[in-house]
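Asks: A structural model of the following input is requested.
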Amino acid sequence: MQRLDDVQARELTLAAVGAVNRSDHPWSAEAVRCLASDERTKVVAIDTCAAILLRGVPRGSLDPSVRIPVSAAAPDEVAAQVASDVVSALASGQDQRVGLVLARLSEEQQYEALLVLVRGAAAWIDAYVGIDGDTVDAYYAIAKSDTT
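Replies: Alright, predicted model coming up:
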């Protein structure tokens, strides 16, 4: 397989997130496997998911003891914990801790943790799309009733 540059890795990560929200889980899992197979693309994928999951939380703004759970279907408890550790480290500005966390894991465990991050990012987006739909519905319901 051809090595992806950072822009391609970011696009593939976003596509994997979109695939989860379209219930194309096999495609998303394959995309994540591709991203997890290379150190650089893995870093870009983590950064892309963290940017979604930490929207509104400036990096480095939280105390290192704060834990941010990543809500997503996790293959196992280790993957969920690693995903939480990674996002929490980034939120507290401890980027080097991400490398330490990942270094202790097998390649398969790193893949599973990245899959949790992708699924968590998809859930975050899905929640906000749902809220946006509710707000638009409410707007139209009230706006139409005011004008009739």
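Asks: got any ranges where the protein has weak pLDDT?
Replies: Along the chain, the model assigns pLDDT under 70 to residues 1-2, 146-148.
Asks: Could you identify the longest helix within this structure?
Replies: Counting residues, the longest helix in the chain under DSSP state H turns out to be helix 107-147.
Asks: Against which helices or strands is that helix packed?
Replies: Judged by 3 or more Cβ pairs under 8 Å, 6 or more residues apart in numbering; DSSP states H and E, helix 107-147 is in contact with helix 6-21, helix 25-36, helix 39-53, helix 77-91. All C-beta atoms are positioned from the backbone trio N, CA, C, and that covers glycine.
Asks: Mind giving me the packing neighbours of the third one?
Replies: If you count contacts as 3+ Cβ pairs under 8 Å, 6+ apart, helix 39-53 packs onto helix 6-21, helix 25-36, helix 77-91, helix 107-147.
Asks: okay, those helices, which one's buried deepest?
Replies: Sort the helices and strands packed on helix 39-53 by mean neighbour count, taking mean count of other Cβ atoms under 10 Å, and helix 77-91 sits at the top with a mean of 21.
Asks: That one versus helix 39-53: what angle between them?
Replies: Going by axes from the mean of the first three to the mean of the last three Cα atoms, to 10 degrees, helix 77-91 is angled at 80 degrees with respect to helix 39-53.
Asks: Name the next helix or strand downstream of helix 77-91, please.
Replies: Counting by DSSP states H and E, the next helix or strand C-terminal to helix 77-91 is helix 95-103.
Asks: Next, the buried residues of that following helix.
Replies: Within helix 95-103, the residues scored as buried using 16 or more other Cβ atoms under 10 Å are 97-98, 101-102.
Asks: Any chance of those in TSV with distance to D38 as columns?
Replies: Below are those laid out as TSV (distance: Cβ to Cβ, whole Å):
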residue	distance to D38
R97	21
V98	16
V101	18
L102	13
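Asks: ok, so of these, who is nearest L14?
Replies: V98 (19.9 Å; Cβ to Cβ).
Asks: Quickly note the distance from V20 to L115.
Replies: From V20 across to L115, the span is 9 Å (Cβ to Cβ, to the nearest Å).
Asks: and if you look at V82?
Replies: Noted for V82: a distance of 11 Å to L115, by Cβ to Cβ.
Asks: Show me the one of the helices and strands packed on helix 39-53 that comes nearest I52.
Replies: Each of the helices and strands packed on helix 39-53 has some distance to I52 by Cβ to Cβ; the shortest is helix 107-147, at 4.1 Å.
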